[in-house]
Each structure stands twice: as C-alpha cells, then as structure tokens.
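*Asks:* After the sequence you'll find the predicted model.
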Amino acid sequence: MAWIEAEVFYAQIKSLSLSPVVLLTGEEPYLIRQALDQIKSQYVQDEMKDFNFTEYFAGDAQLDQVRDNVETLPTFAPLRVIILKEAHELNDSDWETLEPVLQKPVESTLFVITASRLD
C-alpha cells in the first residue's frame, strides 16, 4: 500500500484516477469526511446512486455481503463505489473475508475503507 500526500490524493480524485482500493486513516474525522465528500461528488452519479453506491459501517456490516457488493459489476455506469467506514472495528477474521478484494482489486469498483487507526 502506498502513502500519498493530500494534494496528490485530491488531484487523483479530481482526475478520476484513484486506485481501486483506497484506505483513509487518521484521528481527524472531519478530514476523512471531507475526503469522502470529494470522492462521492466526483465518482457517484446522482441518477445512478441507488444502483452503484453503498456505504457500510464495519460494526454493522456483514462482510461477505460487502465483499460480494465490491465484486458486483456496476449498473449502467463505469464504476461502483463502496465505502466501508470504521474499519478499525474489524478483527482478523473480518479482514480475511475481505482479503480477496484487497489482494486482487476489482477494477470496476472503487472500494474506500476508513479507519481512525490501524492496529
């Protein structure tokens, strides 16, 4: 996983050139929300939002469903956006469930994971 500077990250959002898997981490929730808002405004088409955008909270999500959703092709759009928030709540077994889509990212999905910290 590569760390990038904020300016580069926001330039990639603007040019629609983010990697298929993005991890946003940090103790400042405002900055994570700001980044998510930018991603949604650039990548999620309003008319296709119901079909190609899903947001999960790690503590409530069934991770096999998250993984399946990441692997699903977008509907009438070039890209599906899946956001998994609060990933610091996941345990090792949960990460193993997501491992296939982390090891071999799905090019037609932007999978954004947020966490306040990494253990």
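*Replies:* Done, it's in.

*Asks:* ok, then the element right after the helix ranked longest in the chain?
*Replies:* Across the chain, the helix with the greatest residue count (assigned by DSSP state H) is helix 29-43. Later in the chain than helix 29-43, the nearest helix or strand by DSSP states H and E is helix 49-52.

*Asks:* For this protein, give me the ranges with low pLDDT.
*Replies:* Counting by pLDDT under 70, the ranges of the chain that qualify are 1.

*Asks:* Can you show me the helices along it?
*Replies:* Ranges of helices in the chain, per DSSP H, are 6-14, 29-43, 49-52, 63-71, 92-103.

*Asks:* okay, those helices in a markdown table with mean neighbour count next?
*Replies:* (C-beta placed from N, C-alpha, C; glycine too.) Below are the helices of the chain laid out as a markdown table (neighbours: other C-beta atoms under 10 Å):
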| stretch | mean neighbour count |
| --- | --- |
| helix 6-14 | 13 |
| helix 29-43 | 15 |
| helix 49-52 | 15 |
| helix 63-71 | 16 |
| helix 92-103 | 13 |
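
*Asks:* Residue 21 is nearest to which of these?
*Replies:* Among the helices of the chain, helix 92-103 comes nearest to residue 21, with 6.1 Å by C-beta to C-beta.

*Asks:* just to revisit the earlier point, tell me how far the longest helix of the chain lies from the chain's centre.
*Replies:* On the basis of C-alpha atoms, centre = their mean, to the nearest Å, helix 29-43 sits 11 Å off its chain's mean C-alpha point.

*Asks:* contacting residues for residue 111?
*Replies:* 20-22, 70, 82, 84, 101, 105 (C-beta atoms under 8 Å, 6 or more residues apart in numbering).

*Asks:* which ones are touching the closest residue to residue 94 other than its chain neighbours?
*Replies:* Closest residue to residue 94 apart from its sequence neighbours, by C-beta to C-beta, 6 or more residues apart in numbering: residue 63 at 5.2 Å. Contact partners of residue 63, counting by C-beta under 8 Å, 6+ apart, are 90, 94, 97-98.
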